[in-house]
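>>> Okay, here's the prediction I keep looking at, along with the sequence it came from:
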Amino acid sequence: MYKAVFSDFDGTLLTSDHKISLRTLAAITRLAERGVPFVPISARSPLGILPYWKQLQTNNVLVAFSGALILDHRLQPIYSVQIDAADMEKLNRVFKDFAHLAVNYYVNDDCFSNDLANPWVKLEAQITKIPIEAAQADKIYPAHKVQIIGEPHEIIHIEALLKEKFPHLSICRSHQSYLEVMNSAATKGNAVRFLEKYFGLKTEEVIAFGDNFNDLDMLEHAGLGVAMGNAPEEIKQAANRVTAGNNEDGLALILEEVFPA
(Lines give C-alpha, C1' and ligand atoms only; values in the text may rest on other atoms or scores of the structure.)
Protein backbone atom coordinates (compact mmCIF):
# COMPACT_ATOMS: atom_id res chain seq x y z
CA MET A 1 0.00 0.00 0.00
CA TYR A 2 1.31 3.44 -0.92
CA LYS A 3 1.60 5.96 1.92
CA ALA A 4 3.05 9.12 0.31
CA VAL A 5 3.02 10.88 -3.06
CA PHE A 6 5.79 13.10 -4.39
CA SER A 7 5.12 15.18 -7.48
CA ASP A 8 7.08 17.39 -9.81
CA PHE A 9 5.49 20.77 -10.49
CA ASP A 10 5.67 22.28 -13.97
CA GLY A 11 4.65 19.79 -16.64
CA THR A 12 3.27 17.38 -14.02
CA LEU A 13 1.09 18.85 -11.27
CA LEU A 14 0.44 22.02 -13.27
CA THR A 15 -1.20 22.33 -16.66
CA SER A 16 0.58 24.20 -19.43
CA ASP A 17 -1.15 27.41 -18.33
CA HIS A 18 0.35 26.90 -14.84
CA LYS A 19 -2.83 25.85 -13.02
CA ILE A 20 -3.94 22.86 -10.96
CA SER A 21 -6.97 21.31 -12.65
CA LEU A 22 -10.13 20.78 -10.60
CA ARG A 23 -9.90 17.00 -11.06
CA THR A 24 -6.30 16.90 -9.87
CA LEU A 25 -7.10 19.15 -6.92
CA ALA A 26 -9.99 16.86 -5.92
CA ALA A 27 -7.74 13.77 -6.10
CA ILE A 28 -5.10 15.42 -3.89
CA THR A 29 -7.77 16.58 -1.42
CA ARG A 30 -8.90 12.96 -1.02
CA LEU A 31 -5.30 12.01 -0.19
CA ALA A 32 -5.17 14.65 2.55
CA GLU A 33 -8.43 13.36 4.00
CA ARG A 34 -6.83 9.90 4.26
CA GLY A 35 -3.70 11.26 5.88
CA VAL A 36 -1.51 10.48 2.86
CA PRO A 37 1.17 13.18 2.40
CA PHE A 38 1.26 14.88 -1.00
CA VAL A 39 4.60 16.64 -1.41
CA PRO A 40 5.34 19.03 -4.29
CA ILE A 41 8.95 18.77 -5.47
CA SER A 42 9.85 21.65 -7.74
CA ALA A 43 12.82 23.35 -9.35
CA ARG A 44 11.12 26.59 -8.34
CA SER A 45 11.95 28.70 -5.29
CA PRO A 46 9.67 28.54 -2.22
CA LEU A 47 7.93 31.76 -3.33
CA GLY A 48 7.18 30.19 -6.72
CA ILE A 49 5.65 27.14 -5.04
CA LEU A 50 3.80 28.81 -2.17
CA PRO A 51 0.59 29.97 -3.91
CA TYR A 52 -0.06 26.41 -5.13
CA TRP A 53 0.95 24.90 -1.77
CA LYS A 54 -1.69 27.08 -0.11
CA GLN A 55 -4.25 26.10 -2.74
CA LEU A 56 -3.63 22.41 -2.06
CA GLN A 57 -4.22 22.95 1.68
CA THR A 58 -2.36 19.74 2.54
CA ASN A 59 -0.40 21.48 5.34
CA ASN A 60 2.65 19.45 4.45
CA VAL A 61 6.29 19.90 3.55
CA LEU A 62 7.47 21.36 0.25
CA VAL A 63 10.67 20.79 -1.69
CA ALA A 64 12.23 23.71 -3.58
CA PHE A 65 15.18 23.97 -5.97
CA SER A 66 14.86 20.28 -6.95
CA GLY A 67 15.86 19.18 -3.46
CA ALA A 68 18.34 21.86 -2.38
CA LEU A 69 15.86 23.30 0.14
CA ILE A 70 13.11 21.48 2.05
CA LEU A 71 10.62 23.35 4.27
CA ASP A 72 8.34 21.79 6.88
CA HIS A 73 4.62 22.52 7.28
CA ARG A 74 5.49 25.74 9.15
CA LEU A 75 7.73 26.72 6.21
CA GLN A 76 10.85 26.33 8.32
CA PRO A 77 13.93 24.76 6.64
CA ILE A 78 14.65 21.16 7.57
CA TYR A 79 17.24 20.58 4.81
CA SER A 80 19.41 23.02 2.87
CA VAL A 81 22.45 22.66 0.60
CA GLN A 82 24.07 25.42 -1.46
CA ILE A 83 26.86 25.69 -4.00
CA ASP A 84 30.07 26.60 -2.23
CA ALA A 85 31.87 29.88 -2.92
CA ALA A 86 34.84 28.33 -4.76
CA ASP A 87 32.56 26.60 -7.26
CA MET A 88 30.42 29.71 -7.68
CA GLU A 89 33.50 31.76 -8.54
CA LYS A 90 34.57 29.22 -11.18
CA LEU A 91 31.04 29.01 -12.59
CA ASN A 92 30.89 32.79 -12.95
CA ARG A 93 34.08 32.75 -14.99
CA VAL A 94 32.48 30.26 -17.40
CA PHE A 95 29.26 32.29 -17.61
CA LYS A 96 31.18 35.35 -18.85
CA ASP A 97 31.63 33.51 -22.16
CA PHE A 98 27.86 32.94 -22.36
CA ALA A 99 26.58 36.43 -21.61
CA HIS A 100 23.76 36.03 -24.17
CA LEU A 101 22.19 33.30 -22.01
CA ALA A 102 20.03 34.09 -18.99
CA VAL A 103 21.78 33.16 -15.75
CA ASN A 104 19.68 33.36 -12.58
CA TYR A 105 21.00 32.85 -9.05
CA TYR A 106 18.41 31.59 -6.55
CA VAL A 107 19.14 32.02 -2.83
CA ASN A 108 16.23 31.13 -0.53
CA ASP A 109 13.39 33.41 -1.73
CA ASP A 110 15.64 35.79 -3.65
CA CYS A 111 16.57 35.67 -7.33
CA PHE A 112 19.34 37.63 -9.04
CA SER A 113 19.96 37.69 -12.79
CA ASN A 114 22.83 38.61 -15.08
CA ASP A 115 20.50 40.49 -17.48
CA LEU A 116 17.05 41.75 -16.52
CA ALA A 117 16.38 42.73 -20.14
CA ASN A 118 16.85 39.18 -21.41
CA PRO A 119 13.50 37.85 -22.73
CA TRP A 120 14.07 34.54 -20.93
CA VAL A 121 14.45 36.36 -17.60
CA LYS A 122 11.23 38.29 -18.22
CA LEU A 123 9.44 35.03 -19.03
CA GLU A 124 10.75 33.38 -15.87
CA ALA A 125 9.48 36.29 -13.75
CA GLN A 126 6.11 36.09 -15.50
CA ILE A 127 5.78 32.34 -14.87
CA THR A 128 7.01 32.21 -11.27
CA LYS A 129 5.50 35.56 -10.21
CA ILE A 130 8.57 36.34 -8.10
CA PRO A 131 10.73 39.50 -8.33
CA ILE A 132 14.13 39.17 -9.98
CA GLU A 133 16.90 41.63 -9.13
CA ALA A 134 20.05 42.52 -11.04
CA ALA A 135 23.06 40.47 -9.99
CA GLN A 136 26.01 42.54 -8.80
CA ALA A 137 29.11 42.16 -10.94
CA ASP A 138 31.60 39.65 -9.53
CA LYS A 139 29.50 39.02 -6.40
CA ILE A 140 29.55 35.41 -5.21
CA TYR A 141 25.99 34.30 -4.44
CA PRO A 142 25.61 31.23 -2.14
CA ALA A 143 23.04 29.82 -4.53
CA HIS A 144 20.68 26.97 -3.82
CA LYS A 145 20.31 26.84 -7.60
CA VAL A 146 21.85 28.47 -10.65
CA GLN A 147 19.45 28.47 -13.58
CA ILE A 148 20.65 28.90 -17.17
CA ILE A 149 18.03 29.57 -19.83
CA GLY A 150 18.41 29.67 -23.61
CA GLU A 151 17.58 27.95 -26.86
CA PRO A 152 17.65 24.13 -26.61
CA HIS A 153 20.83 23.72 -28.69
CA GLU A 154 22.61 26.31 -26.52
CA ILE A 155 21.50 24.54 -23.34
CA ILE A 156 22.76 21.17 -24.60
CA HIS A 157 26.13 22.78 -25.40
CA ILE A 158 26.64 24.47 -22.03
CA GLU A 159 25.32 21.40 -20.20
CA ALA A 160 28.06 19.26 -21.73
CA LEU A 161 30.69 21.90 -20.96
CA LEU A 162 29.65 22.31 -17.32
CA LYS A 163 29.43 18.56 -16.73
CA GLU A 164 32.99 18.24 -17.99
CA LYS A 165 34.31 21.10 -15.83
CA PHE A 166 32.19 20.41 -12.72
CA PRO A 167 31.58 16.65 -12.48
CA HIS A 168 31.01 16.98 -8.73
CA LEU A 169 27.96 19.26 -9.11
CA SER A 170 24.36 18.33 -9.89
CA ILE A 171 23.74 19.56 -13.46
CA CYS A 172 20.48 18.66 -15.15
CA ARG A 173 17.86 19.97 -17.58
CA SER A 174 14.42 20.68 -16.10
CA HIS A 175 13.14 21.64 -19.57
CA GLN A 176 14.67 21.71 -23.04
CA SER A 177 15.53 25.40 -22.49
CA TYR A 178 16.34 25.28 -18.77
CA LEU A 179 19.50 23.97 -17.10
CA GLU A 180 19.92 23.69 -13.33
CA VAL A 181 23.24 23.69 -11.47
CA MET A 182 23.23 22.76 -7.78
CA ASN A 183 25.16 21.11 -5.00
CA SER A 184 25.57 17.39 -5.75
CA ALA A 185 23.38 16.54 -2.74
CA ALA A 186 20.49 18.48 -4.27
CA THR A 187 18.46 16.04 -6.32
CA LYS A 188 14.81 15.10 -6.21
CA GLY A 189 15.75 11.51 -5.50
CA ASN A 190 17.79 12.59 -2.47
CA ALA A 191 14.88 14.73 -1.28
CA VAL A 192 12.58 11.70 -1.43
CA ARG A 193 15.13 9.62 0.50
CA PHE A 194 15.37 12.32 3.18
CA LEU A 195 11.58 12.57 3.46
CA GLU A 196 11.11 8.81 3.63
CA LYS A 197 13.07 8.95 6.90
CA TYR A 198 11.22 12.11 7.95
CA PHE A 199 7.82 10.43 7.48
CA GLY A 200 8.99 6.97 8.56
CA LEU A 201 8.26 5.34 5.20
CA LYS A 202 9.74 2.55 3.12
CA THR A 203 10.74 3.17 -0.49
CA GLU A 204 8.14 0.72 -1.78
CA GLU A 205 5.42 2.81 -0.09
CA VAL A 206 6.22 5.90 -2.19
CA ILE A 207 4.76 7.12 -5.50
CA ALA A 208 6.58 9.77 -7.57
CA PHE A 209 5.39 11.68 -10.64
CA GLY A 210 7.60 13.57 -13.10
CA ASP A 211 8.04 14.70 -16.67
CA ASN A 212 11.66 15.65 -17.22
CA PHE A 213 15.34 14.82 -16.76
CA ASN A 214 15.62 16.35 -13.28
CA ASP A 215 12.86 13.92 -12.19
CA LEU A 216 14.75 10.83 -13.35
CA ASP A 217 16.46 9.77 -10.12
CA MET A 218 13.22 10.32 -8.19
CA LEU A 219 11.22 8.16 -10.61
CA GLU A 220 13.84 5.42 -10.56
CA HIS A 221 13.98 5.43 -6.76
CA ALA A 222 10.26 5.42 -5.89
CA GLY A 223 8.25 2.27 -5.33
CA LEU A 224 6.05 3.47 -8.20
CA GLY A 225 7.61 5.94 -10.60
CA VAL A 226 5.09 7.50 -12.99
CA ALA A 227 6.12 9.47 -16.08
CA MET A 228 3.72 11.96 -17.61
CA GLY A 229 2.54 11.51 -21.18
CA ASN A 230 4.33 14.74 -22.10
CA ALA A 231 7.69 13.44 -20.81
CA PRO A 232 10.64 12.72 -23.15
CA GLU A 233 10.92 9.10 -24.26
CA GLU A 234 13.99 8.49 -22.05
CA ILE A 235 11.96 9.40 -18.95
CA LYS A 236 9.05 7.19 -19.99
CA GLN A 237 11.41 4.28 -20.49
CA ALA A 238 12.81 4.68 -16.96
CA ALA A 239 9.41 4.86 -15.23
CA ASN A 240 7.24 1.99 -13.95
CA ARG A 241 4.14 3.55 -15.45
CA VAL A 242 3.26 6.19 -18.04
CA THR A 243 0.10 8.21 -17.57
CA ALA A 244 -1.69 10.85 -19.64
CA GLY A 245 -0.19 14.31 -20.10
CA ASN A 246 -0.32 17.19 -17.65
CA ASN A 247 -3.15 18.78 -19.65
CA GLU A 248 -5.18 15.55 -19.55
CA ASP A 249 -5.22 15.03 -15.75
CA GLY A 250 -2.52 12.38 -15.93
CA LEU A 251 -1.66 12.73 -12.24
CA ALA A 252 -5.30 12.48 -11.16
CA LEU A 253 -5.85 9.36 -13.27
CA ILE A 254 -3.20 7.43 -11.33
CA LEU A 255 -4.27 8.78 -7.93
CA GLU A 256 -7.89 7.79 -8.61
CA GLU A 257 -6.75 4.29 -9.55
CA VAL A 258 -4.40 3.77 -6.61
CA PHE A 259 -6.59 5.54 -4.02
CA PRO A 260 -10.18 4.87 -5.22
CA ALA A 261 -13.03 6.81 -3.65
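On my side now, so go ahead. Residues are numbered from 1 along each chain as shown.
>>> now the strands for this protein?
4-7, 38-40, 62-64, 69-71, 77-80, 102-107, 110-113, 133-134, 145-149, 170-175, 178-182, 206-210, 224-227, 241-242 (DSSP state E).
>>> Dump these to a markdown table, plus mean pLDDT, distance to residue 48 and mean neighbour count.
(C-beta placed from N, C-alpha, C; glycine too.) Shown next, in a markdown table, are the strands of the chain (pLDDT from 0 to 100; distance: least, Cβ to Cβ, whole Å; neighbours: other Cβ atoms under 10 Å):
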| stretch | mean pLDDT | distance to residue 48 | mean neighbour count |
| --- | --- | --- | --- |
| strand 4-7 | 97 | 15 | 25 |
| strand 38-40 | 96 | 11 | 23 |
| strand 62-64 | 96 | 8 | 28 |
| strand 69-71 | 97 | 12 | 23 |
| strand 77-80 | 96 | 16 | 15 |
| strand 102-107 | 96 | 9 | 25 |
| strand 110-113 | 95 | 9 | 20 |
| strand 133-134 | 96 | 15 | 12 |
| strand 145-149 | 97 | 11 | 24 |
| strand 170-175 | 90 | 12 | 21 |
| strand 178-182 | 95 | 13 | 25 |
| strand 206-210 | 98 | 17 | 28 |
| strand 224-227 | 98 | 23 | 24 |
| strand 241-242 | 98 | 27 | 15 |
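>>> Please convert the ones you listed to TSV, extending it with distance to residue 91.
Formatted as TSV, these follow (distance: least, Cβ to Cβ, whole Å):
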stretch	distance to residue 91
strand 4-7	29
strand 38-40	27
strand 62-64	20
strand 69-71	19
strand 77-80	19
strand 102-107	9
strand 110-113	14
strand 133-134	18
strand 145-149	6
strand 170-175	10
strand 178-182	7
strand 206-210	26
strand 224-227	30
strand 241-242	35
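>>> can you tell me which residues contact residue 64?
42, 44-46, 48-49, 70-71, 144 (Cβ atoms under 8 Å, 6 or more residues apart in numbering).
>>> so it bridges to which residues?
Counting by DSSP bridges, residue 64 is bridged to residue 69.
>>> Also residue 40?
residue 7.
>>> could you measure it against residue 116, distance?
28 Å (Cβ to Cβ, to the nearest Å).
>>> next one: residue 36
42 Å.
>>> what do you get for residue 169?
26 Å.
>>> do residue 143 as well
In terms of Cβ to Cβ, residue 143 sits 17 Å off from residue 116.
>>> Next: residue 19.
27 Å.
>>> Kindly report the same for residue 241.
42 Å.
>>> contacting residues around residue 173?
Residue 173 touches 155, 159, 179-180, 212-214, counting by Cβ under 8 Å, 6+ apart.
>>> Looking at those residues, which one is closest to residue 205?
Relative to residue 205, the closest of the contacts of residue 173 is residue 214; by Cβ to Cβ it sits at 23.1 Å.
>>> pretty sure the closest one contacts residue 190?
No - using Cβ atoms under 8 Å, residue 214 makes no contact with residue 190, being 11.9 Å away.
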